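[1] Structure, please.
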Amino acid sequence: MSLRLGDTAPDFSAESSEGRIDFHQWLGPQWGVLFSHPRDFTPVCTTELGYVARLKPEFQKRGVKAIGLSIDPVDSHKGWLKDIQETQGHAVNFPIIADPDRKVANLYGMIHPSHDEVYTVRTVFVIDPKKKIRLMITYPQTTGRNFDEILRVIDSLQLRRDPAGDRLAPAHRHAPGGYAGELEAGGGRDHRARGDGRRSQSQVPQRLEGPQALSSPDGAAQVTEYYPVALDLRGHACLVVGGGSVGEGKVEGLLAAGARVTVVSPTLTPRLHSWAVAGRVAYQEREYRERDLDGQRLVFVATSRRKVTELVASDARRRGIWVNAADDPVYCDFLLPSVLRRGRLVVAVSTGGASPALAGRVRRDLESRLAPEYAELVELAAEVRAELRAESRRPGGEVWRDALDGELIALLAQGKRDEAKALLLDRLGVTA
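    Sure, this is the predicted structure:
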C-alpha cells in the first residue's frame, strides 16, 4: 500500500555516511526531512546536497534534521562527500543513507518502475515529531528540488494552525526570508525560535483581551525604521521564555553581557541545564506565567508556539517591558542584529527584520575585510587616547579618522606594535 499524508513513517535500520542509523531513534523528538537521490556523483544531486548543507542553520532553527538517501554504498558516499565540498564549497553536515539493496527505497516507494526500474526518483518526505508523514513531493531524476519551498511548507506546518491542523500558507510566500531576531545574542548567527514547544497548544491560554490584544502580523506592513543602540545590561534582570537551542543562544549572549538571566521552560537543552545547575541562570521548570515578568528589564521569547509569543508580548507591553520575539517582528520592540566582533570592535548589521539572511551575508563579507588585527588596533587607539587625555591633548575626530588606516594594521600584523604606536602618535601631531 502506498504511503499517504498522516501515515506513520516506516522505521528502518541502515548504514549511512555517519554510521548505522535506526531511523525513528535518530529522529528523536525532532522533525525530519528524508530525501532520495538517484546516484552518487551526479551533477544535480551534487548541487542539491551542497545547498541543503548550506541550509542547515535554517533547518536547525525549525528543529528539523535532514537525511539523504542513495542506492550507492557507504564507500561511494564518502568519496562523493569530498567531491561535494570541493565543488559546492560546503561540507555535507547530515547523513546519507546507503541503500544498495533498495530496502528503504522500496519501503518509501522511491522507485517508480514506469519511470526507472533501477534508480530512485527525487522524493521528499517531511516527518513530524510523532513520526507522521506531513509532506510528500516527487521530482523527476533530471530536476533538482526547491528546498526553499520545503522550508516554507515546514513553516506552515509548525506555526499557527487551522482546524485541519496546519497553518494556512498563501501561495508564493517565500522562505527563508523575512525573519526577525537576526542574531542569537553573542554568536552572530541567524536564529529562529525552536524552544520549548513540546506541549500541546491546548495548554496555552487561547486568546488575548483588551486594548493590548495583538493583531496578526502582515509582513508587508511591518516596515519600521529602527534606532540602533548598544545596551549595558550588567546586573539587569532579563527573562528568556523557551529552553531550546534558540533560547540557549539568547542566554549565552545575555550572560556575556553580564545580565542576570531567568529561563522559563518545561525543558532545557543540556547546555542550559548545566548553567542552571551551576547557578549561572535561574530556572523555572514550567510554562510561562505573567508573574515571571516581575522585575525584568527585557524579555526574549524563544518558542515556536505563536500563542505563547502573543501572550508574553501582550503581558510585557502592558507593563512597559521591551520584548524580542524570535522570528516575529510584530511582537518585537527591538531586534538583534547580525554581529561581527574584533575584540572590543563591534559591527552590527540589520535589515530591520526584512532579511536576516542578507544581514548575515553582509556580516560575512565584512569579516573578510576586517582583519583580526583590528582588535589590537582598538586597544592601541584606546591606550593612546587615554595617554593624550591625561596630558589634556584632544586631537579632533577627523584627525583620528585620518590617522587610523591600513598601515597601522599592517604593522600590527607584523608584530610591530611599538612602531605602530609611534606612527599613530606622529599622525596625531604628538612627538615622542
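[2] And the protein, what are its domain boundaries?
    Here the domain parsing of the chain from automatic domain parsing is 13-158, 229-357, 373-427.
[3] Would you reformat those as JSON lines and include mean neighbour count and mean pLDDT?
    The way it works is simple: take the backbone N, C-alpha and C, and place the C-beta from them, glycine included. Output for the domains of the chain, formatted as JSON lines (neighbours: other Cβ atoms under 10 Å; pLDDT from 0 to 100):
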{"stretch": "domain 13-158", "mean neighbour count": "18", "mean pLDDT": "88"}
{"stretch": "domain 229-357", "mean neighbour count": "20", "mean pLDDT": "91"}
{"stretch": "domain 373-427", "mean neighbour count": "15", "mean pLDDT": "91"}
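[4] doesn't residue 97 fall inside a strand?
    Yes: counting by DSSP: H, G, I helix; E, B strand; the rest coil, residue 97 is found in a strand.
[5] so what's the residue lying closest to it once chain neighbours are set aside bridging to?
    Leaving aside its sequence neighbours, residue 97 sits nearest to residue 69 (Cβ to Cβ, 6 or more residues apart in numbering; 4.1 Å). Applying DSSP bridges to residue 69 yields these beta-bridge partners: residue 36, residue 97.
[6] Quick check, residue 69 in contact with residue 107.
    No: with contact defined as Cβ atoms under 8 Å, residue 69 does not reach residue 107; the gap is 10.5 Å.
[7] Pretty sure residue 49 sits against residue 88.
    Yes: if you go by Cβ under 8 Å, residue 49 and residue 88 touch, sitting 7.5 Å apart.
[8] what about residue 276, distance to residue 298?
    In this view, residue 276 and residue 298 are 19 Å apart by Cβ to Cβ, to the nearest Å.
[9] ok, now residue 241?
    Distance, residue 241 to residue 298, using Cβ to Cβ: 12 Å.
[10] residues touching residue 38, list them.
    Applying Cβ atoms under 8 Å, 6 or more residues apart in numbering to residue 38 gives the contacts 45, 70, 71, 116, 119, 120, 121, 122, 141.
[11] Swap in 10 Å and give it another go.
    By Cβ atoms under 10 Å, 6 or more residues apart in numbering, the contact set of residue 38 is 44-45, 70-72, 110-111, 116, 118-122, 140-142.
[12] In helices only, show me these.
    Within the contacts of residue 38, residues falling in helices by DSSP state H are 44, 45.
[13] Quick check: the farthest pair among the contacts of residue 38?
    The distance between the two most remote of the contacts of residue 38 (Cβ to Cβ) is 19.3 Å, for 72 and 140.
[14] Return every residue with contacts to both of residue 241 and residue 298.
    Counting by Cβ under 10 Å, 6+ apart, the contacts common to residue 241 and residue 298 are 250, 316, 323.
[15] among those, which are in helices?
    Counting by DSSP H, these contribute 250, 316 to helices.
[16] Reformat the shared contacts of residue 241 and residue 298 into a markdown table and put distance to residue 12 next to each item.
    Below are these laid out as a markdown table (distance: Cβ to Cβ, whole Å):
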| residue | distance to residue 12 |
| --- | --- |
| 250 | 37 |
| 316 | 46 |
| 323 | 44 |
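[17] and of the shared contacts of residue 241 and residue 298, the nearest to residue 402?
    Minimum distance to residue 402 across the shared contacts of residue 241 and residue 298 is 39.7 Å, recorded for residue 250 (Cβ to Cβ).
[18] do you know how far the closest residue to the closest one other than its chain neighbours is from residue 273?
    Leaving aside its sequence neighbours, residue 250 sits nearest to residue 300 (Cβ to Cβ, 6+ apart; 4.6 Å). Here the criterion is Cβ to Cβ. By it, residue 300 lies 18 Å from residue 273.
[19] Next, the contact list for residue 345, please.
    Listed by Cβ under 10 Å, 6+ apart, the contact set of residue 345 reads 370, 374, 375, 377, 378, 379, 381.
[20] Now with 8 Å, please.
    When contacts are counted by Cβ under 8 Å, 6+ apart, residue 345 touches 370, 374, 375, 377, 378.
[21] Is there a neighbour count for the first one? I'd like the number.
    For residue 370, the number of neighbouring residues by other Cβ atoms under 10 Å comes to 16.
[22] correct me, but it touches residue 343?
    No: Residue 370 is not in contact with residue 343 according to Cβ under 8 Å; the separation is 10.8 Å.
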